[in-house]
Each structure stands twice: as C-alpha cells, then as structure tokens.
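Peer 1: sequence below, structure please.
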Amino acid sequence: MTSPQTSLDEQIAARLKRDEHGLVAAVVQQHDTGEVLMLAWMDDEALRRTLTTGRATYWSRSRQEYWVKGETSGNRQWVREVRLDCDGDALLVLVDQEGAACHTGERSCFFRALPAVEGRAA
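Peer 2: Purely as a prediction, here's the structure:
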C-alpha cells in the first residue's frame, strides 16, 4: 500500500513562479460560461489540495490560513480543470460555482465597472 501524497508533484512545482511569499495568483472562472468569478492566492499546498480533492482551496493572506471555498458559506467551487499560464506565475482555475463567488454576495467579485478612459471608446 502506498502512502498518500503529502506534497505537490515535483514537475508541477518546478513550473511555478511564486512571489516572495510563495504564492501564485489564481484567477477563477466559471468553466462553461467563461465568467470571471474571483482572484485568490495559492501556495504549493493549496494547489495540491485543490488538485487532489476537486474542491478549490486557497491561502488567505489576511488570516494566514487555508480555506476551502464554500466551507462556511455553502457557495462551493467544484474544480473542473486547473491551467498554468505561459510564464508559470498565474493559475486559471475552472470551476462549477454554486451560488455567489464574492464575499459580498455577488455572483462575481468583478461587479464594479470603472468609467472608460477619457478619449477612448467604451
């Protein structure tokens, strides 16, 4: 019997370019509509948990702890696929979102439109 994996796969870990805190930005998108839902942060352990459980797990910079999206709110994210960008410094997490993704109760964290840049078409 083999022991369960306790660290991120070495080949995946080698491709990541982390910030000074060991984190990689994770852009979260609804898998079937392309709707951008939120931005969160992952370290190696959060990514490992996400890939092995199918539940989106992130690192909270403010609380300094891991959190599974929807664990307390019920607004779960079921991971369909995770992609790494060409530079290795960002992840795209494709999910099936249950309910709101934003802590404000909005479906997406990107619900506030900014005015168009002056002199440019909207």
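
Peer 1: state the distance from residue 35 to residue 64.
Peer 2: With the distance defined as CB to CB, to the nearest Å, residue 35 ends up 29 Å from residue 64. C-beta here means a position set from N, CA and C on the backbone, and glycine is covered the same way.

Peer 1: more neighbours, those two?
Peer 2: Residue environment comparison for residue 35 versus residue 64 gives the larger neighbour count to residue 35, 14 against 7, counting by other CB atoms under 10 Å.

Peer 1: helices and strands around the worst-scoring helix or strand of the chain on mean pLDDT, which ones?
Peer 2: Lowest on mean pLDDT, DSSP states H and E among the helices and strands of the chain sits helix 10-15, with a mean of 93. Contacts defined by 3 or more CB pairs under 8 Å, 6 or more residues apart in numbering; DSSP states H and E place helix 10-15 against helix 44-53.

Peer 1: residue 78 reaches residue 54, doesn't it?
Peer 2: Yes - with contact defined as CB atoms under 8 Å, residue 78 reaches residue 54; the gap is 6.3 Å.

Peer 1: how about low-confidence regions in the chain?
Peer 2: When residues are selected by pLDDT under 70, those of the chain lie in 1-6, 119-122.

Peer 1: how about the secondary structure of the most centrally placed residue in it?
Peer 2: Nearest to the mean C-alpha position of the chain, counting by CA atoms, centre = their mean, stands residue 26 at 3.7 Å. Under the three-state scheme (DSSP: H, G, I helix; E, B strand; the rest coil), residue 26 adopts strand.

Peer 1: can you list contacts of the least confident helix or strand of the chain?
Peer 2: Residues outside helix 10-15 that contact it (CB atoms under 8 Å, 6 or more residues apart in numbering): 7, 44, 47, 51, 84, 88.

Peer 1: who wins on neighbours among those residues?
Peer 2: When neighbours are counted by other CB under 10 Å, residue 47 leads these with 24 neighbours.
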